[in-house]
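Engineer: only geometry, no sequence info:
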């Protein structure tokens, strides 16, 4: 009786779920979306990583918003971009230090530093505005009134998969973040 009564509901539910697209892929949790705020916290011994389900087309992107790094054992949040089969780039925003650009390669879990920018007055527990522009092999970062430029080892792909992360032991809030093609 239950199968007869619920069978149609089951098919309908499966069709409904197949038609939906997930907004975030969280290979390492935890991310909570609350309106325009994205709360992210990493466990003490594991990073938090979330990639957005809608890539940016065209080989260039602009990410803007504010980041609020909470006080804790680690104070590093990461803007992730250009995820592909080999890996991705990570722009680390660290309270009390500044920014570091990494290239992460999946094979061997390799992290290579591509550049650093000191900004010792970059504070935690406050909203810090940022704008990140990527085009081809160029990356321009404006954070809390200071600018940095980096060269990427490879051109950005035509479809730029992006995301956010928190270093092990870190937590913070991504506020009003918008990621899209230049000019939007």
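Structural biologist: Thanks, I have the structure now. Just so you know, these numbers come straight off a predicted model, no measurement behind them. Numbers count the residues shown, from 1 in each chain.

Engineer: can you tell me how far the residue nearest to residue 83 when sequence neighbours are not counted sits from residue 24?
Structural biologist: Of all residues not flanking residue 83 in the chain, residue 161 sits nearest, at 3.9 Å (Cβ to Cβ, 6 or more residues apart in numbering). For glycine as for every other residue, the C-beta is placed from the backbone atoms N, C-alpha and C. Distance, residue 161 to residue 24, by Cβ to Cβ, to the nearest Å: 12 Å.

Engineer: Give me the more crowded residue out of the two.
Structural biologist: Shown here are residue 161 and residue 24; by other Cβ atoms under 10 Å, residue 161 has more neighbours (18 against 13).

Engineer: Overlap in contacts, residue 161 and residue 24.
Structural biologist: Here residue 161 and residue 24 share the contacting residues 51-52, scored by Cβ atoms under 8 Å, 6 or more residues apart in numbering.

Engineer: Helices of this protein, start to end?
Structural biologist: Ranges of helices within the chain are 2-18, based on DSSP state H.

Engineer: So which residue is smack in the middle of the chain?
Structural biologist: Geometric centre of the chain, nearest residue: residue 164, 1.8 Å, by Cα atoms, centre = their mean.

Engineer: For that one, list each beta-bridge partner.
Structural biologist: For residue 164, the beta-bridge partners are residue 50, residue 79 (DSSP bridges).

Engineer: pLDDT wise, what is it at?
Structural biologist: Here the pLDDT value assigned to residue 164 is 98.

Engineer: Could you pull up the residues touching it?
Structural biologist: Each residue near residue 164 by Cβ under 8 Å, 6+ apart is listed here: 31, 38, 40, 50, 77-80, 174, 177.
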